[in-house]
Every structure is written in structure tokens, then in C-alpha cells.
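Chemist: the sequence and its predicted three-dimensional model are supplied below.
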Amino acid sequence: MMEVEVLATGSKGNCYLLTSGETRILLDCGLAYKKTLELLDFKLPSAVLVTHEHKDHAKAAEDFIKHGVDVFMTIGTAMALGLEKSHRLNLIDDKEFSPDGGREFWAFKVKHDAVEPVNFFISENNDKVLYLTDLGKVPNFNCLDATKILIETNFSEQDLMSSATDAKQKQRIFENHLSVEKAAEFLKSSDLRECKEIYLIHISERHGDGEMFKKIIQATVGDNVKVIVAKNKKLEE
């Protein structure tokens with residue numbers, strides 16, 4: 001079984017840990033390398049999957065490569081980050097791949113203001129994790145029998161439209177991030193019979209309300225699914 005731990009979420013950095021036995025997979029690495037290691041109790045992950053080149057998702061990618069960790073991303077993301085060729089840099093496209101030989105991974109293209117962004121689906125026996133973040137709209141598929149879903153609920157459309165944010169920035173947010181309304185629409189149209197947990201991630205500090213979003217999504221998916229508002233893991237002072 002894969003356990004999900006939120007290390008960081010939001011515009012200041014995104015990093016999520018999947019643990020299964022001794023295998024630890026990072027979904028994005030948008031914090032400084034040293035801070036990420038501290039959150040990982042100074043144990044290197046087995047692999048890192050990077051969705052796109054924006055620093056709040058890829059800040060520590062080069063450092064993980066330098067420290068011998070296999071990092072997976074598209075060639076467009078690697079070029080945007082200016083990464084040099086390395087046997088630890090694994091270039092992927094929208095297809096299945098396997099960073100550890102024992103699990104199935106699928107990268108799929110999404111709409112975002114990045115060079116070649118992807119999201120991920122990870123399957124291990126009967127446990128399946130769907131990772132949806134930084135995307136203007138959800139690809140046209142069901143939840144793929146996911147047991148755990150990490151889904152962006154970046155903003156409320158009503159709050160965004162009524163905010164003082166300038167029109168150009170509003171349009172950028174609307175086209176490149178997932179609103180709670182779009183997330184709810186996707187989940188409502190999906191078969192969630194296998195789903196046990198839904199994590200609401202990448203919530204905007206300015207245009208989001210985690211507890212309100214939780215109520216919206218919980219009402220959408222029903223009481224059989226646990227809805228969790230993702231929060232940053234606190235470092236001990």
C-alpha cells in the first residue's frame with residue numbers, strides 16, 4: 001500500500017511523498033534541497049517525478065540528480081531547467097514508465113503555461129494514486145480506478161472574479177490552474193467506487209479557502225471518501 005504524505009503545497013513549493021515499504025517516491029520537488037532533505041528525515045528518496053519546470057515544482061531537481069537520485073521529467077521540462085545530460089536524468093513522454101521496476105507509472109500531458117507539463121498516475125497492485133496539479137482543465141478520462149487522488153483546488157471562480165487581481169493575471173490563473181468548481185465537476189463525473197482518500201492541493205492563499213473547498217468536495221463525493229485539505233509539513237524550530 002502506498003502512503004501519501006504532504007511535505008509542501010502551494011505557490012511557495014510543492015512536494016508530496018509516496019511511501020511503500022522501503023520505496024519513497026517524490027511527486028515534485030519545489031523546495032530547496034536542504035529543506036526537502038530535512039522534511040525527509042535526511043533519507044534520500046528512491047526517485048523524483050517532476051511535472052514541469054516552474055520552481056515551486058522543480059527547485060531541487062538538479063540537486064537530487066547531483067546526489068545520485070533518479071529524476072523523471074519530459075525533455076521539454078529538462079531543457080527549460082537547463083539540465084545537463086546525466087544517467088540520473090530520465091526523460092519521459094506521455095506513456096508508461098517504471099522508475100523502480102515494481103510499480104507502473106503513467107505520465108500524461110496537461111494544459112499549463114509551461115513547456116511540456118505532465119501529471120502522473122501511479123499503480124501498485126490494488127493501490128492507485130492519481131496526481132493532478134497545475135492544469136487548466138482535467139484531461140478527458142475517468143479517475144482510472146484511483147484509490148487516492150491528489151487534486152488541485154487552487155481557487156474559487158467567484159472569489160477570483162470578484163478579487164482586486166488584475167484582469168490579465170485572473171485570466172492566467174483561470175486558464176492554467178484548476179478551480180474547486182472544475183475539480184468538483186471532474187470528481188462528480190468520475191467513478192469513485194475504489195477511491196478512499198482525496199487530497200486538496202495547491203490551494204491559493206489569496207483566492208482559496210481550504211475548509212470551504214473541503215465541504216464542497218465532500219458534498220460532491222459523498223461520505224465514503226475521506227477528503228483531506230493538504231497543508232505544509234512543519235519543520236521543528
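Modeler: That came through, no problem.

Chemist: what's the weakest-modelled helix or strand in this structure?
Modeler: Ranked by mean pLDDT, DSSP states H and E, the weakest helix or strand in the chain is strand 96-97, scoring a mean of 62.

Chemist: strands along this protein, start to end?
Modeler: 3-8, 15-20, 23-27, 47-49, 70-74, 89-92, 96-97, 104-109, 118-124, 127-132, 148-152, 197-201, 226-229 (DSSP state E).

Chemist: what separates the longest one from the chain centre, distance-wise?
Modeler: I take that to be strand 118-124. Relative to the mean C-alpha coordinate of its chain, strand 118-124 is positioned 10 Å out (Cα atoms, centre = their mean, to the nearest Å).

Chemist: show me where this protein has helices.
Modeler: Under the criterion DSSP state H, helices of the chain are mapped to 33-39, 55-58, 61-66, 75-81, 157-162, 167-176, 180-188, 210-221.

Chemist: out of those helices, which is the most enclosed?
Modeler: helix 55-58 (a mean of 21; mean count of other Cβ atoms under 10 Å). Just so you know, the C-beta spots here come from the backbone N, C-alpha and C atoms, and that holds for glycine as well.

Chemist: report the distance from that helix to the chain centre.
Modeler: So, by Cα atoms, centre = their mean, the centroid of helix 55-58 is 11 Å from its chain's centroid.

Chemist: could you do stretch 22-38 as well?
Modeler: 13 Å.

Chemist: so how far does that stretch reach from one end to the other?
Modeler: 18 Å (Cα to Cα, to the nearest Å).

Chemist: what pLDDT, on average, does that stretch get?
Modeler: The average pLDDT within stretch 22-38 is 97.

Chemist: ditto for stretch 109-118
Modeler: So the average pLDDT for stretch 109-118 ends up being 96.

Chemist: show me what it is in contact with.
Modeler: Here stretch 109-118 makes contact (Cβ atoms under 8 Å, 6 or more residues apart in numbering) with 51-54, 74-77, 79-80, 92, 94, 107-108, 119, 132, 134-137, 139, 172, 175-176.

Chemist: give me the residue ranges of the chain where confidence is low.
Modeler: In the predicted model, the chain carries pLDDT under 70 at residues 95-103, 235-237.

Chemist: for Cys29, give me its contacts.
Modeler: Cys29 neighbours (Cβ under 8 Å, 6+ apart): 15, 36, 48, 50, 57-61, 64, 71.

Chemist: closest one to Glu157 out of the residues you listed, please.
Modeler: Nearest to Glu157, judged by Cβ to Cβ, of the contacts of Cys29 is His57 at 23.2 Å.

Chemist: could you verify my assumption that the closest one touches Asn14?
Modeler: Yes: using Cβ atoms under 8 Å, His57 is in contact with Asn14, at 5.2 Å.

Chemist: shared neighbours, these two?
Modeler: 28, 30, 133.

Chemist: ok, and the most crowded of those?
Modeler: Neighbour counts for these, by other Cβ atoms under 10 Å, peak at Asp28, which reaches 30 neighbours.

Chemist: how far away is that residue from His57?
Modeler: With distances taken as Cβ to Cβ, to the nearest Å, Asp28 is found 4 Å from His57.

Chemist: ditto for Lys128
Modeler: 22 Å.

Chemist: go on, Glu197?
Modeler: Taken as Cβ to Cβ, the span from Glu197 to His57 is 22 Å.

Chemist: now do Ser11
Modeler: 10 Å.

Chemist: and what of Leu37?
Modeler: Distance, Leu37 to His57, using Cβ to Cβ: 17 Å.

Chemist: could you do Phe105 as well?
Modeler: Applying Cβ to Cβ to Phe105 and His57 gives a distance of 17 Å.
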